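Colleague: Return atomic coordinates for the entry below.
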Amino acid sequence: MSGTSKHTNSWENDEVRVDVPYSAAGVGTTVVVTSRFTGKVLLMDVGDGSVRDLLAKGNLDFVTELDLIAITHGHFDHVGGLWTLLGFLRMLGREEALNILVPTGCVEIASIVKGFKECYFDTLGFQINVFQLQHGSGFDTDFFKLKVMGVEHYGSENITDKDMLMPAIGYRVSIGNTIVSFTGDSRMCQSLEDLVTDTDFAIIEATYEQHPNPAQKVHLTEIEARNLGKKAKEFILIHKKPDAGKGVSSPR
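Modeller: Got it, this is the predicted structure:
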């Protein structure tokens with residue numbers, strides 16, 4: 001396990017390499033999972049700057065090797081780079097179909113993909129498929145096998161006083177004999193523990209030092225995330241509050 005900054009991390013074994021080129025709450029999160037046997041790539045969330053971060057790896061392999069995109073939820077810091085990524089793949093002449101996984105009811109991805117297709121219908125050289133998944137769903141490709149678990153994420157778009165949760169999921173990904181888990185954003189819940197337990201490597205959000213509103217928990221604290229990480233063989237904490245000055249309020 002290695003970390004080059006507060007918002008960047010990586011992990012690898014003989015079967016897979018996992019890179020988190022950047023993750024900060026309210027800014028952007030991208031997780032890159034690369035099979036060391038095939039070179040195929042799975043992206044989990046595509047936050048703002050995802051194309052820039054992929055290019056920083058020094059090659060364009062992802063244009064053809066991108067096998068699947070798995071989205072945890074529709075908040076802008078997790079999907080803000082999707083339009084740019086689709087545009088870049090189109091510009092570079094990708095021809096293979098691209099599958100995108102989303103939680104059932106994720107209107108943000110549906111809107112982005114619909115708008116992109118309408119803009120570039122006549123010049124889009126590859127098919128874009130969106131699959132809506134819910135707790136207990138699975139999705140397999142030739143290179144990655146995913147299991148989906150519903151998590152509890154409260155969104156700031158909720159205008160009621162009720163504890164209404166947005167569509168949000170986490171992923172357990174099998175690459176050969178290795179299992180990688182990604183929580184996405186969630187407060188502590190049983191499915192989050194089930195998601196992480198006994199995985200080889202867990203990627204866990206840890207937004208807060210302490211809950212700003214204990215009566216309405218939105219994210220994990222670092223203490224909660226570390227305790228959760230103990231259920232996996234190894235883990236890293238991501239999605240921390242950005243260093244942007246005292247005037248920045250806690251992200252929701």
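Colleague: Need the distance between the two termini of stretch 207-227.
Modeller: One end of stretch 207-227 sits 14 Å from the other (Cα to Cα, to the nearest Å).
Colleague: buried set for it?
Modeller: Within stretch 207-227, the residues that count as buried by 16 or more other Cβ atoms under 10 Å are 207-208, 211, 217-222, 224-225. (Each C-beta comes from the backbone N, C-alpha and C, glycine too.)
Colleague: remind me which residues of the stretch 151-252 of the chain are low pLDDT?
Modeller: Scanning the stretch 151-252 of the chain for pLDDT under 70 picks out the ranges 156-163, 243-252.
Colleague: Provide a complete list of residue ranges assigned to helices in it.
Modeller: For the stretch 151-252 of the chain, the helices defined by DSSP state H, counting those that start in this stretch cover 190-196, 222-229.
Colleague: Make CSV out of these and add distance to Leu86.
Modeller: CSV is the format used below for the helices of the stretch 151-252 of the chain (distance: least, Cβ to Cβ, whole Å):
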stretch, distance to Leu86
helix 190-196, 28
helix 222-229, 31
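Colleague: So which residue is dead centre in the chain?
Modeller: Asp45 (3.1 Å; Cα atoms, centre = their mean).
Colleague: Dump the buried residues of stretch 207-227 to TSV, plus distance to Ile71.
Modeller: Below are the buried residues of stretch 207-227 laid out as TSV (distance: Cβ to Cβ, whole Å):
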residue	distance to Ile71
Thr207	18
Tyr208	23
His211	25
Lys217	22
Val218	19
His219	18
Leu220	19
Thr221	24
Glu222	24
Glu224	23
Ala225	21
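Colleague: quick one: which of those residues sit in strands?
Modeller: Using DSSP state E, no member of the buried residues of stretch 207-227 falls in strands.
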